[in-house]
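J.: Sequence first, predicted coordinates after that:
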Amino acid sequence: MQSLVDRLDGLLFFPVTPFARGAGDRPGGVDLEVYREHLRSRLAFLDAPERPGPAAVFACCGTGEFQALDVDEFAECVRAAAEVAAGRVPVVAGVGYGAALAASFSAAAKEAGADGLLVMPPYLVAGGAAGLRDHYTAVAEATDLDLIIYQRDNVTFTPEVVADLAEVPNIVGFKDGKGDLDLMQRIVSAVRDRHGEGKLMYFNGLPTAEMSQLAYAGVGVPGYSSAVFCFVPDVALAFYHGYRNGDTSLVNALLDRFYRPLVELRAKAPGYAVALVKAGVRLDGLDAGPVRPPLTEAAPEHVARLQELIDEGRRVLTGHGIDTLA
């Protein structure tokens, strides 16, 4: 049986979590039928003869508004993801907060059929090196699922702590959401120096990770998460396979005409790393509902700009002889 790490060699899909519309168009409960449709529509690309994907479903993580879910909603979403994936790709569930709550979410994820966990930062506090080592060790010891630890927000690891955590048997990956390439290179080097090649798998977890992936690949980080795949999967897969196959012309055209303008649009307001993605899913024809507070909806003029960028991204594909979905 393949390990979780062996199964993560490909584009990583981070679905949104759809919410029903409540009173006054406020977000209601999780809409599991829409969630299943979101998953089915994207996993259908596994059967694409060219540029297939994705390699995994990361359910209830940052794009999936993990922070807005209670444990029952979380378990329902992970279970739905496992049922739709049906073993074709692994399902990795997000967990977080303090070690005790993380253990509760981990147990719920395993019961629901998850294959692994993405461990997001502990709530609010910024611990020192020893505290972070103890926290992530405790989270790992509370489950037998494989873990990917995630550096972002209030968590910054030292290379030595990552090398220490690599000794924990079920910590198998490291995801970076900080964007400090010097630190990332030192982390990769420290783990390799102590444990040899291949001890951890590394992922770029910055928002719109495609924009920085060429730089990350240069420091030994081959994989990345794609929120773009949620709403314009043909562009996301074309970029991924172009990146992996060395198609510089296609990759640069998408960076210049789609991804860079998308990053500039994302910077227009806090929370757009999620709100714009959800707006994009709606533009693609699936009503994933609103975001939950404290996130706010994308402004209408920004949604209109997003549609322009989607159209431009597909024009790039057409210019390179690649079929699009529109």
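T.: Structure's in. What do you need?
J.: quick one: the helices in the stretch 101-250 of the chain?
T.: 129-141, 159-165, 181-195, 213-218, 233-245, 248-254 (DSSP state H, counting those that start in this stretch).
J.: Make a markdown table out of these and add distance to Met120.
T.: C-beta coordinates here come from the backbone N, C-alpha and C atoms, glycine included. Conversion of the helices of the stretch 101-250 of the chain to a markdown table gives the following (distance: least, CB to CB, whole Å):
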| stretch | distance to Met120 |
| --- | --- |
| helix 129-141 | 10 |
| helix 159-165 | 15 |
| helix 181-195 | 18 |
| helix 213-218 | 19 |
| helix 233-245 | 22 |
| helix 248-254 | 28 |
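J.: quick one, which of those helices is nearest to Pro293?
T.: The closest of the helices of the stretch 101-250 of the chain to Pro293 is helix 129-141. By CB to CB, the value is 27.0 Å.
J.: as a whole number, average confidence for the closest one?
T.: Here helix 129-141 scores 95 as its mean pLDDT.
J.: which residues are in contact with it?
T.: Residues outside helix 129-141 that contact it (CB atoms under 8 Å, 6 or more residues apart in numbering): 95, 98-99, 102-103, 106, 119, 122, 127, 147, 149, 155, 157-158, 160-161, 164-165, 168, 170-171.
J.: repeat for stretch 96-109
T.: By CB under 8 Å, 6+ apart, stretch 96-109 touches 66-67, 71, 74-75, 78, 93, 95, 117, 119-123, 135, 138-139, 142-143, 145.
J.: Then stretch 273-286?
T.: Contacts for stretch 273-286 (CB under 8 Å, 6+ apart): 16, 18, 34, 37-38, 41, 62-63, 65, 207-208, 227-228, 230-232, 262, 265-266, 269, 288-291, 295-298, 302-303, 306-307, 310.
J.: pull the CA atoms of it into CSV?
T.: C-alpha atoms of stretch 273-286 as CSV (Å, rounded to 0.1, in the frame of the first residue of the first chain):
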residue,chain,number,x,y,z
ALA,A,273,-7.8,34.5,-0.4
VAL,A,274,-11.0,32.7,0.5
ALA,A,275,-13.8,35.1,-0.5
LEU,A,276,-12.6,35.5,-4.1
VAL,A,277,-12.3,31.7,-4.5
LYS,A,278,-15.8,31.2,-3.3
ALA,A,279,-16.9,34.0,-5.7
GLY,A,280,-15.1,32.1,-8.5
VAL,A,281,-16.9,28.9,-7.7
ARG,A,282,-20.2,30.8,-8.1
LEU,A,283,-19.0,32.2,-11.4
ASP,A,284,-18.3,28.6,-12.5
GLY,A,285,-21.9,27.8,-11.9
LEU,A,286,-22.1,26.3,-8.5
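J.: Next, the buried residues of that stretch.
T.: Buried residues in stretch 273-286, counted by 16 or more other CB atoms under 10 Å: Ala273, Val274, Ala275, Leu276, Val277, Lys278, Ala279, Gly280, Val281, Arg282, Asp284, Leu286.
J.: Then stretch 49-67?
T.: Under 16+ other CB under 10 Å, the buried positions of stretch 49-67 are 51, 53-66.
J.: now do stretch 8-25
T.: Quick answer for stretch 8-25 (16+ other CB under 10 Å): Leu8, Gly10, Leu11, Leu12, Phe13, Phe14, Pro15, Val16, Thr17, Pro18, Phe19.
J.: Out of those, list just those in strands.
T.: Of these, the ones assigned to strands by DSSP state E are Leu12, Phe13, Phe19.
J.: Could I get those residues in CSV, plus columns for pLDDT and distance to Ala253?
T.: As requested, these are arranged in CSV below (pLDDT from 0 to 100; distance: CB to CB, whole Å):
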residue, pLDDT, distance to Ala253
Leu12, 97, 23
Phe13, 98, 23
Phe19, 97, 35
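J.: quick check, nearest of those to Leu181?
T.: Closest to Leu181, out of all of these and judged by CB to CB, is Leu12, at 19.8 Å.
J.: mind listing what that closest one touches?
T.: Pro54, Ala55, Ala56, Phe58, Phe203, Gly223, Tyr224, Ser225, Ser226.
J.: In contact with the fifth one, which residues?
T.: Just to be clear, that refers to Phe203. Leu8, Leu12, Ile148, Gly173, Phe174, Lys175, Asp176, Val221, Gly223, Tyr224, Ser225.
J.: any idea how far Ile310 is from Leu276?
T.: When distance is defined by CB to CB, to the nearest Å, Leu276 is 11 Å away from Ile310.
J.: Where does the prediction get shaky in this protein?
T.: Counting by pLDDT under 70, the chain has low-confidence residues at 1, 23-24.
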